[in-house]
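Peer 1: coords please:
(one chain, ligands or ions: 2)
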Amino acid sequence: MKKNILVVVGGQSGEHEVSLMSSLSVLNAINEEKYNITPVGITKKGAWKFFDEPVEVLKKKSWEELRDYLKNEEGEDVSLRTNTQNEPKGKLVLWSQHRKEDIDLVFPVLHGPFGEDGTIQGMCEMLNIPYVGAGVLASSVAMDKVMSKRVVSTLGIRQADYHILLKEEYEKSPKEKEQQQLNIEKRFAYPVFIKPANLGSSVGITKAHNREELIDGIALALSYDRKILVEEFINAREIECGILGNYYPEASLPAEIIPHNEFYDYRDKYFDGKSQYVIPAELSKEQREKIQSQGERIFKAMECTGLARIDFFVEKTTGEIYFNEINTMPGFTKISMYPKMWEATGVSYEALVGELIELGFQRFEATKV
Ligand SMILES: Nc1ncnc2c1ncn2[C@@H]1O[C@H](COP(=O)(O)OP(=O)(O)O)[C@@H](O)[C@H]1O
Ligand SMILES: [Mg+2]
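Peer 2: Numbering: from 1, shown residues only. Ligands and ions are numbered 1, 2, ... in the order given. The predicted structure is shown next:
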């Protein structure tokens, strides 16, 4: 019997829209001769919804139509239950008044918190159902920029120096605020980058050139997360690398992003579209191989499975390679960097989606002890 894949789209994070864009590409790429597909949307408020229309129709919609459908709370609410009676383990049942779907594997096409951070992965573990991508530990460590830096620092791979600010400490008193600002200024020259620890898509990130911008940037980042980082500025080229596999991961050819704005911000990523992408990146053989092997080492050290996109900086004057961040469910539209890098390496979008599903099943088998 054909296996049934649950494709979860939308989600509660700031990257809801990005997820909808990614999911349309994924829905169109799953080989329906091999698998059945059950798409389910998660609204921004967190409700799970079936889509009214069959997959064939849904696939041809625009992401805006999916967004409006979820925004208007259309569609039947989904109930989840395990099925261990008369069924092999690893079955999840989704049902509503009019529907019942047996699920064999979950494909969470979700970015950011409540999707890429180990929460839905934990739910799948408890339900004993295979899923695509990283497990609970890798997802949550990779989602947190401070935790990822701590893991990478054990590998002797360079990264931007950083200062951690916690909301409860920083906001204790005006004196404490000033002290922390002074500490940052003592450590780093301007400009500095200020980032929430747990977001993506450049949301809440600023580049501060002076004390005033530092104060505003901290306030902005703290409005998104109680833990934030202030980082030294690296004057660098931005090089990304795709990693694919479970326990023997492989690296794609790296690519370069040349941001249009002062840095690669949210507007630039999704709306202005003026950044340039060079795939594969122009690098010496030595640099390329170093990035690929560092990518594989980071993937393994974080105990990732399935996929990850690892982003590096290559310092413009020295050529030094710095780890910047890791994404366990990177943007996944047909024109996103991760699939594009694999395409340049010889793996088509459709083959990539098929491989990720297979890796999900394999990981499930491998973790049964
Ligand atoms: N330390 C840094 N030095 C220089 N540029 C940076 C630094 N940190 C971030 N940036 C710029 O900000 C962008 C977004 O930061 P990043 O850490 O990748 O966050 P996100 O998870 O939101 O993508 C990067 O792509 C880069 O353009
Ligand atoms: Mg980034």
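Peer 1: What's the local residue count around Ser173?
Peer 2: 10 (other Cβ atoms under 10 Å). For glycine as for every other residue, the C-beta is placed from the backbone atoms N, C-alpha and C.
Peer 1: What does it show for phi and psi?
Peer 2: phi -160, psi 160 (degrees, to the nearest 10).
Peer 1: now swap in Ser153 and tell me
Peer 2: phi -60, psi -20.
Peer 1: Would you agree it is in contact with Gln159?
Peer 2: Yes - in this structure, Ser153 is within contact of Gln159 by Cβ atoms under 8 Å, at 6.9 Å.
Peer 1: what are the bridge partners for Ile5, then?
Peer 2: As for beta bridges, Ile5 partners with Ile37, Leu105 under DSSP bridges.
Peer 1: pLDDT value on the closest residue to His98 other than its chain neighbours, please?
Peer 2: Leaving aside its sequence neighbours, His98 sits nearest to Glu76 (Cβ to Cβ, 6 or more residues apart in numbering; 6.6 Å). pLDDT recorded at Glu76 is 94.
Peer 1: any idea how far the helix or strand bottoming out on mean pLDDT in the chain is from the chain center?
Peer 2: Taking mean pLDDT, DSSP states H and E as the measure, the helix or strand of the chain with the lowest value is helix 266-267, at a mean of 74. Centroid displacement of helix 266-267 relative to its chain, using Cα atoms, centre = their mean, to the nearest Å, is 16 Å.
Peer 1: What about whatever residue of the stretch 1-150 of the chain ends up closest to ligand 1? Give its phi and psi, please.
Peer 2: For the stretch 1-150 of the chain, the residue positioned closest to ligand 1 under Cβ to the nearest ligand atom is Lys145, at a distance of 6.6 Å. For Lys145, the backbone dihedrals (degrees, to the nearest 10) come out as phi -60, psi -30.
Peer 1: Please enumerate the helices of the stretch 201-350 of the chain.
Peer 2: According to DSSP state H, counting those that start in this stretch, the stretch 201-350 of the chain carries its helices in the segments 211-222, 266-267, 285-301, 337-345, 349-367.
Peer 1: Deepest-packed of the ones you listed, please.
Peer 2: Mean neighbour counts were taken over those using mean count of other Cβ atoms under 10 Å, and the top value, a mean of 22, falls to helix 337-345.
Peer 1: any idea of the mean pLDDT for it?
Peer 2: 97.
Peer 1: Ok, stretch 42-59 next?
Peer 2: 95.
Peer 1: Leaving out chain neighbours, which residue sits closest to the residue nearest the centre of the chain?
Peer 2: Among the residues of the chain, Met329 comes closest to the average C-alpha position under Cα atoms, centre = their mean, at 3.4 Å. Excluding the flanking residues, the one nearest Met329 by Cβ to Cβ, 6+ apart is Glu116, at 4.4 Å.
Peer 1: Lovely, talk soon.
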